[in-house]
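1. need the 3D shape of this:
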Amino acid sequence: MKIKEIKQLVSFHNSYWEKKRQEMKRYKAAYETNFWEEQGVGIDFSNTQLQIQVSEGYAYIESFIASLYAKHPNVVLKTGLENKGAVKKSQFIANEFLERSRREIESASRMALIYTHSFIKLVPQDTGNLLQKVLPVSIPPWEVILDYDAPRWDLQKYVGHIYYLTVREANEKFGNKEWLPMSKYSTEYFNKGKDSTDIRDEPQSAYEYIQIVEMYDLVEDRLIFYSPSWKEDKILLSQNVAIPFRTYDGKPSPPIAPFYFNRIPDTPLEGYSAMKRIYDQIFEMNIIRSFQANAVRKASRQYLVKKGSLDAEQMAQITAGIDGIFIEIEDENLDGVVKPLPQNATPPEIQMYYQMVSGDKDKGSIMAPFTRGEATKVTAAETAALAAYTSSEIGRLARERDAVIENMVKLYLSILGLYLAEGDKQLIYIDNRMEVVSAEDVVGDFNVYAADSSSTPISEAINKGQLLANIPTLTALGVPKELILNELVRVLNLPETFKAEAIKEMMIREEAKRVPAATPPQEAPTPLGAVLNPSVKNISPLLPNTGIR
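-> Have a look, this model is predicted:
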C-alpha cells in the first residue's frame, strides 16, 4: 500500500465521520441529559424561558446495559479439529484476562448502543508481567478505518486505527522528527468545527500531540505507520514490516475486535445506532416539557383592582393574606372593586400529544413495559409472552456481546503467543500445580464459547420459576430429593452448605454429639491386680462361687 492510497483512505474516513459528527453529538447529548446545551437544534430561548430536559435517553441505553451486564465474563475452550494448543492452560489464562477486561467490555457496549458501533483494541504494554502485557482499550467508531466494501470483518483488505501520541512518545517510537503538533482539545472528535473563541475558553493541556495512522494492509501483509503531522509527509518506518499478530494457521490478524449490536443489512460493516430509534421522540418530549414548565410558571393568581377603591394600607392587608381580616371600603357595588385576571388554560391537545410521543418511544424499544417499572393490566399469559419476547431480543444482543468476548480471547492468545515465541516464559498455578506456559500452549485452533452465552436476567428468572414450579412433578416421577436440592442450590445461587452432602455431614456431627460414647469393655481382674489394688470389685470375682449370695 502506497502513501497515496493511505491518504485517500484517511481522507474518505474523515469525510465520512465529518458528516456524521453532528448526529453522533446529538445522540451523546441525549444520553448525557445535555440536550439544550449541546444539541445545536436552532431553537432560541430567551433568558426568561425554562429549558427542561428529560432523562429518557439515559434510561433507554442503561436498560440494555443492565440486561447485558456480565459480572464475571469468562469462556470455555474446546479443542479444534487439528488439536493444537493446551486447552486447560489457555482457558485459565483467557479467563484471567477477561476478569480484567469487564469495564472495557461494558464501555464498548455502551458506545455501540449510543453510536453506530465500537471497537476493543488489544494494546501491547511494556511490563515485566507477561499476563499483563496486553491491555484492552475501548475505542469509538470514528477512530477505526474500515473497508466498507467487505462483506464481513475477516474479508477486509485493510484496517486502520487513528490515534494521537504526545511529541515525546512519538520521538521515542519513531525518532526525532520535525512534527506539526496540535493541542489536546483540537484532537477530540466533538470539538472539531468549533470557532476559536470556544477553543480559547477551554483549559489547555501541558502536552502537544501528533496524529498517527496505524494501517494494517491485509492484502500485502504489511503494517504501516503514517502521520499527517510530519512535515516530510512520508511513511514513518521506511522498511517493510509484516503484521506481527497471527492466527494459529499463520494468517495476519489485526489486534482490533469489532463490536456491533445492529448492522445495516446491505453494508455489514456499517453499524446502526440504538439511540436513533427514539431520538425524535426525546426531541419532542424535551420541547413539550419545556413548554409545560413555562406555562405552569405563568399560571399565577393575578387581580384587577378599581383605582382609588383601596388605599395603600388596605392593599397591603390584602396581599398579606391575614386570616379573618375585615377591610372597609366605601363603594356600594363590591363586584366592581376586585376582579380576577383570566388565565388561558393549557390546551388538552398538548397532554394528548405527549402521551402519543411516549407511546411512540416505547414502541421503539424492545423492552416489555414491566421491565421499565410500568404497571399493566395484561394477563399472566400475555406477561409470559412479553417476557419471552424481551428475553429473546436481549438474548440476541447478548450473543453479539459474547461474540466480541470470544474474538477478544482469540486475539489475546495469539498476541500472548507472540511474546512467548520471543523467549518470554510464564509460570501459572493451576490445580495446586505450577505449570510452564509456552507459545505452543496458547496458539491453537481452539473453539471458544462464552460461558453465559445468550443468558439474560429475564431468561434466568424464567428458568428459576420453571424449576420451582416443577418440583412436585419431579418428586412424583421419582427424582431423588438430594438431586433436586443440589440443582436448586446451583440455579438459585444458594450457599454450598445447603447441598445434600453438606446436610448429611452436619446431621452426622449432630447425632455424634447427642449419643454418649460407649463404655469400653473391662478386662477380668487378675490376682496381682487384686493385691496391688484391693477392693470388693477386684476381689469378689476371684472368690469361689458357693451359691450363697
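
2. what about the stretch 251-400 of the chain, any weak spots by pLDDT?
-> 298, 332, 341, 343-344, 360, 362-392 (pLDDT under 70).

3. rerun that using 80 as the cut-off
-> 292, 294-303, 306-310, 314, 317-395 (pLDDT under 80).

4. quick one, helices of it?
-> 279-297, 312-320, 348-363, 380-421 (DSSP state H, counting those that start in this stretch).

5. give me the angle between the third one and helix 279-297.
-> Which is helix 348-363. Taking axes from the mean of the first three to the mean of the last three C-alpha atoms, to 10 degrees, one finds helix 348-363 and helix 279-297 inclined to each other by 150 degrees.

6. by contact count, what packs against helix 348-363?
-> Helices and strands touching helix 348-363, as assessed by 3 or more C-beta pairs under 8 Å, 6 or more residues apart in numbering; DSSP states H and E, comprise helix 279-297. Every C-beta, even on glycine, is put in place using the N, C-alpha and C of the backbone.

7. what's the neighbour count on the closest residue to K71 other than its chain neighbours?
-> Nearest-residue entry for K71: R102, 7.8 Å, with adjacent residues in sequence omitted and distances by C-beta to C-beta, 6 or more residues apart in numbering. Using other C-beta atoms under 10 Å, R102 is surrounded by 15 other residues.

8. quick check: R102 touching P73?
-> Yes. R102 is within contact range of P73, at 5.9 Å (criterion: C-beta atoms under 8 Å).

9. pLDDT score for the residue nearest to K71?
-> The score at R102 is 89. That number is its pLDDT.

10. next: T116.
-> For T116, the predicted pLDDT is 93.

11. the one 5 residues further on now?
-> K121 is assigned 95 on the pLDDT scale.

12. how is it assigned, secondary-structure-wise?
-> strand (DSSP: H, G, I helix; E, B strand; the rest coil).

13. that one bridge partners, please.
-> V137, I256 (DSSP bridges).

14. surely it and V134 touch.
-> No. Counting by C-beta under 8 Å, K121 does not reach V134; the two are 10.1 Å apart.

15. same question for the helix or strand containing Y58: list its buried residues.
-> Here Y58, judged by DSSP states H and E, is contained in helix 56-68. Judged by neighbour count using 16 or more other C-beta atoms under 10 Å, the buried positions of helix 56-68 are 56-57, 60-61, 63-64, 67-68.

16. and the angle from that helix to helix 348-363?
-> Using the same axes, to 10 degrees: helix 56-68 against helix 348-363 is 30 degrees.

17. and helix 56-68, what does it pack against?
-> helix 3-31, helix 102-114, helix 279-297, helix 380-421, helix 457-469.

18. that helix: how far from the chain's middle?
-> Between the centre of helix 56-68 and the centre of its host chain there is 10 Å, according to C-alpha atoms, centre = their mean, to the nearest Å.

19. before we move on, back to that, and the helices and strands packed on helix 56-68: which comes nearest K361?
-> helix 279-297 (3.8 Å; C-beta to C-beta).

20. and that closest one, what does it pack onto?
-> Using 3+ C-beta pairs under 8 Å, 6+ apart, helix 279-297 is in contact with helix 3-31, helix 35-38, helix 56-68, helix 348-363.

21. out of those helices, which gets nearest to K231?
-> Using C-beta to C-beta, these put helix 3-31 closest to K231, at 14.2 Å.

22. so for that closest one, what gets flagged as buried?
-> Buried, per 16+ other C-beta under 10 Å, within helix 3-31: 6, 9-10, 13, 17, 24-31.

23. do the same with stretch 353-360
-> Neighbour counts over stretch 353-360 (16+ other C-beta under 10 Å) mark 354, 357-358 as buried.

24. who's in contact with that stretch?
-> The set of residues external to stretch 353-360 that reach it, using C-beta atoms under 8 Å, 6 or more residues apart in numbering, is 281, 284-285, 288.

25. kindly export that stretch (C-alpha atoms) in PDB.
-> Taking C-alpha atoms only, stretch 353-360 is exported to PDB below (Å, rounded to 0.1, in the frame of the first residue of the first chain):
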ATOM      1  CA  TYR A 353     -49.600  14.700  22.100                       C
ATOM      2  CA  TYR A 354     -47.200  13.900  24.900                       C
ATOM      3  CA  GLN A 355     -48.900  10.600  25.500                       C
ATOM      4  CA  MET A 356     -48.600   9.800  21.800                       C
ATOM      5  CA  VAL A 357     -44.900  10.700  21.800                       C
ATOM      6  CA  SER A 358     -44.300   8.500  24.900                       C
ATOM      7  CA  GLY A 359     -46.100   5.600  23.100                       C
ATOM      8  CA  ASP A 360     -44.000   6.000  20.000                       C
END
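
26. and it, how far out from the chain's middle?
-> 29 Å.

27. same thing with stretch 211-219?
-> On C-alpha atoms, centre = their mean, the centre of stretch 211-219 falls 29 Å from the chain's centre.

28. please identify the buried residues of that stretch?
-> For stretch 211-219, using 16+ other C-beta under 10 Å, the buried residues are 211-218.

29. hang on, the earlier thing: closest to P265 out of the helices and strands packed on helix 56-68?
-> Nearest to P265, of all the helices and strands packed on helix 56-68, is helix 380-421, at 14.9 Å by C-beta to C-beta.

30. taking the contacts of stretch 353-360, please make a PyMOL selection of just the buried ones.
-> A single PyMOL command selects the buried members of those (16+ other C-beta under 10 Å):
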select buried, resi 281+284+285+288
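
31. can you add distance to K251 and give the contacts of stretch 353-360 back as CSV?
-> Formatted as CSV, the contacts of stretch 353-360 follow (distance: C-beta to C-beta, whole Å):
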residue, distance to K251
Q281, 45
E284, 50
M285, 50
I288, 55
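
32. report the two of the contacts of stretch 353-360 separated the most.
-> Comparing all pairs in the contacts of stretch 353-360 by C-beta to C-beta, the longest separation belongs to Q281 and I288, at 10.4 Å.

33. hang on, the earlier thing: show residues contacting the helix or strand just after the helix holding Y58.
-> Sequence-wise, the next helix or strand downstream of helix 56-68 (DSSP H and E) is strand 75-78. The list of residues contacting strand 75-78 from outside it, by C-beta under 8 Å, 6+ apart, reads 87, 90-91, 94-95, 98, 405-406, 409, 446-451.

34. quick one on the thing from earlier: just name the closest of the buried residues of helix 3-31 to L494, please.
-> Y31 (37.7 Å).

35. pLDDT score for the closest one?
-> For Y31, the pLDDT comes out at 91.
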